[in-house]
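> I would like the atomic coordinates for the input below:
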Amino acid sequence: MTSVGETAKTPERESNSTQEWKPRATPPLGVTLTNEQKLACAFRSLARDGFSENMAGHITWADRGDETLLINPWGLWWEEVSASDICRVDAEGHVIEGKWDVTPAYHIHTELHRRRPDARIVIHNHPYYVTLLAAVGMLPMIAHQTGSLYDDDLTLVHEYGGEITDAELGADLADKIGDRNNVILASHGIITTAETIELAVYRAASIDRFCRLAYDIAVLGKDPLPIEKHIRVAMQKALTERAADVYWVGAVRRLLRTEPDVLI
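Model (predicted):
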């Protein structure tokens with residue numbers, strides 16, 4: 001019997017309350033993609049979301065388990081990259097597959113790949129609001145549930161050392177990045193890493209809105225309402241495990257409806 005003001009709980013409700021929700025099924029992509037096609041879709045999708053700065057930036061993918069990397073060519077804007085444009089480089093950055101050349105700034109990536117087996121995907125570019133905060137050396141505060149994706153996984157490298165054009169500079173940057181998956185580079189941009197293309201793209205696609213929200217709150221001159229640590233931890237787990245793959249599939253479906261040439 002329950003007392004006045006109490007609500008009786010059914011056994012079903014009690015048992016479900018301790019279980020983590022998982023979807024029975026999610027809408028499929030509907031096509032099978034090669035790694036080159038996936039990477040081309042990543043470039044165009046992120047460009048659509050404002051992550052890229054014209055032809056700047058690069059994504060690398062250690063997809064074979066050897067020292068080679070898939071990478072975009074120098075000179076193409078992200079929104080025009082197709083699967084046939086993707087290059088493969090060796091550990092020294094020499095193009096071994098592909099018809100174009102690549103930027104020497106790939107050293108931003110190679111040293112991270114060497115040090116971090118979990119960093120199979122490395123994404124770098126200069127989205128506007130990330131770069132705005134990078135210019136003043138400011139890390140965004142977590143003011144919304146999606147910001148939990150970066151809780152204890154975002155850091156700032158304060159020193160701007162110019163373009164990373166050789167392995168020594170890349171190694172120094174990799175040491176500063178350590179084990180973080182999201183790193184804002186002062187006066188420069190952002191590096192995001194992940195073990196899968198799906199999670200890497202989701203982290204990258206969400207970071208600029210995260211920074212824009214932080215900027216707008218700073219302009220308001222108000223402190224955001226606090227989100228307790230245990231909630232941030234739970235949200236980070238949910239976003240990583242449930243949202244990343246679904247985001248990726250939706251983003252690629254959206255892209256293929258209007259830009260099917262990305263797969264060519």
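
> where does the stretch 151-264 of the chain dip in pLDDT?
Applying pLDDT under 70 to the stretch 151-264 of the chain picks out no residues at all.

> and the helices in it, which stretches?
Using DSSP state H, counting those that start in this stretch, the helices found in the stretch 151-264 of the chain span residues 167-177, 197-220, 229-238, 244-258.

> how about those, which one is nearest residue 46?
Among the helices of the stretch 151-264 of the chain, the nearest to residue 46 by CB to CB is helix 197-220 (5.7 Å). From N, CA and C alone the C-beta is placed, and that goes for glycine too.

> returning to that earlier point: which one of the helices of the stretch 151-264 of the chain has the most crowded surroundings?
The highest mean neighbour count among the helices of the stretch 151-264 of the chain, using mean count of other CB atoms under 10 Å, belongs to helix 197-220: a mean of 21.

> what's that helix packed up against?
helix 35-48, strand 121-125, helix 128-135, strand 189-194, helix 244-258 (3 or more CB pairs under 8 Å, 6 or more residues apart in numbering; DSSP states H and E).

> distance to residue 232 added to the ones you listed, as CSV?
Shown next, in CSV, are the helices and strands packed on helix 197-220 (distance: least, CB to CB, whole Å):
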stretch, distance to residue 232
helix 35-48, 25
strand 121-125, 23
helix 128-135, 19
strand 189-194, 19
helix 244-258, 17
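
> out of those, which gets nearest to residue 96?
Closest to residue 96 of these is helix 35-48 (CB to CB; 13.8 Å).

> buried stuff in that closest one?
For helix 35-48, the buried set under the neighbour-count rule, 16 or more other CB atoms under 10 Å, comprises 36-48.

> what's the neighbour count on the residue lying closest to residue 149 once chain neighbours are set aside?
Leaving aside its sequence neighbours, residue 149 sits nearest to residue 239 (CB to CB, 6 or more residues apart in numbering; 4.9 Å). Look at residue 239: counted by other CB atoms under 10 Å, it has 21 neighbours.

> please apply the same query to residue 21.
7.

> over to residue 227?
There are 17 residues near residue 227, going by other CB under 10 Å.

> and the spatially closest residue to it that is not a sequence neighbour, what does it touch?
Closest residue in space to residue 227, ignoring its immediate chain neighbours: residue 142 at 6.0 Å, by CB to CB, 6+ apart. Residues in contact with residue 142 (CB atoms under 8 Å, 6 or more residues apart in numbering) are 148, 150, 151, 224, 227, 232.

> at 10 Å what do you get?
148-151, 154, 210, 213-214, 224, 226-227, 232, 235-236 (CB atoms under 10 Å, 6 or more residues apart in numbering).

> and the residue nearest to residue 77 when sequence neighbours are not counted, how many neighbours?
Excluding its sequence neighbours, the residue lying closest to residue 77 (CB to CB, 6+ apart) is residue 55, at 4.9 Å. Residue 55 has 15 neighbouring residues, counting by other CB under 10 Å.

> circling back to that earlier point, residue 87 is nearest to which of the helices of the stretch 151-264 of the chain?
When those are compared by CB to CB, helix 197-220 sits nearest residue 87, at 16.6 Å.

> give me the angle between that closest one and helix 35-48.
Counting by axes from the mean of the first three to the mean of the last three CA atoms, to 10 degrees, helix 197-220 lies at 10 degrees to helix 35-48.
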